[in-house]
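Novice: pasting a predicted model and its sequence here:
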Amino acid sequence: MRILVSVLVIFISTVAAQAQNRWVTIENNTGVTMREFYASNRDQRNWGRDWFGSNMLYPGQTVDFNLDDGSGYCIWDLKAVFVDDDEVTRMGMNVCEVGTWRIN
């Protein structure tokens, strides 16, 4: 009986984690335009694609991204690259619990 209850708890936890919101708002609170944004789940070995494409995020602007890649991960590493070549990273952000990355 204990095994059945344990399996049921693990199953419910897994389903709940997969159903969570993975939207994140990026806030550019700097005085510099952001030209690139990268996000990778905790098991990816590289940054992958630039989520902005040909767009940019100007000072004072925000943009929303859905980071749900089907993997079920909530923990993501984020990287912003600015037009002056400065980079800001945030490692291990739980996007299921924190919905905004404010870059100052």
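Specialist: Ah, there it is. Numbers count the residues shown, from 1 in each chain.

Novice: what residue lies at the spatial centre of the protein?
Specialist: Against the mean C-alpha coordinate of the chain, by Cα atoms, centre = their mean, the closest residue is residue 76 at 4.8 Å.

Novice: looking at strand pairing, list the partners for that one.
Specialist: residue 41, residue 93 (DSSP bridges).

Novice: just checking, it touches residue 41?
Specialist: Yes: Residue 76 is within contact range of residue 41, at 5.5 Å (criterion: Cβ atoms under 8 Å). C-betas here are computed from N, CA, C, even on glycine.

Novice: intersection of neighbour lists for those two?
Specialist: residue 67 (Cβ atoms under 8 Å, 6 or more residues apart in numbering).

Novice: helix/strand/coil for residue 39?
Specialist: Secondary structure, DSSP: H, G, I helix; E, B strand; the rest coil: residue 39 is strand.

Novice: check whether it really touches residue 73, as I assumed.
Specialist: No: using Cβ under 8 Å as the test, residue 39 is too far from residue 73 to be in contact (10.6 Å).

Novice: out of these two, which sits in the busier spot?
Specialist: Each of residue 39 and residue 73 has its neighbours counted (other Cβ atoms under 10 Å); residue 39 has more, 23 against 20.

Novice: for the more buried one, give me the pLDDT.
Specialist: Residue 39 is assigned 96 on the pLDDT scale.

Novice: could you do the one 5 residues further on as well?
Specialist: We note a pLDDT of 92 for residue 44 in this prediction.

Novice: now the one 5 residues further on
Specialist: At residue 49 the predicted local confidence, pLDDT, stands at 94.

Novice: what helix or strand does it sit in?
Specialist: Secondary structure assigned from DSSP states H and E places residue 49 in neither a helix nor a strand.

Novice: okay, buried residues for stretch 53-68 please.
Specialist: 56-57, 63, 65, 67-68 (16 or more other Cβ atoms under 10 Å).

Novice: start to end distance for it?
Specialist: End-to-end span of stretch 53-68 (Cα to Cα, to the nearest Å): 18 Å.

Novice: hmm, who's touching stretch 96-104?
Specialist: Contacting residues not belonging to stretch 96-104 are listed as 17, 20-30, 34, 74, 78, 80, 88, 90, 93 [Cβ under 8 Å, 6+ apart].
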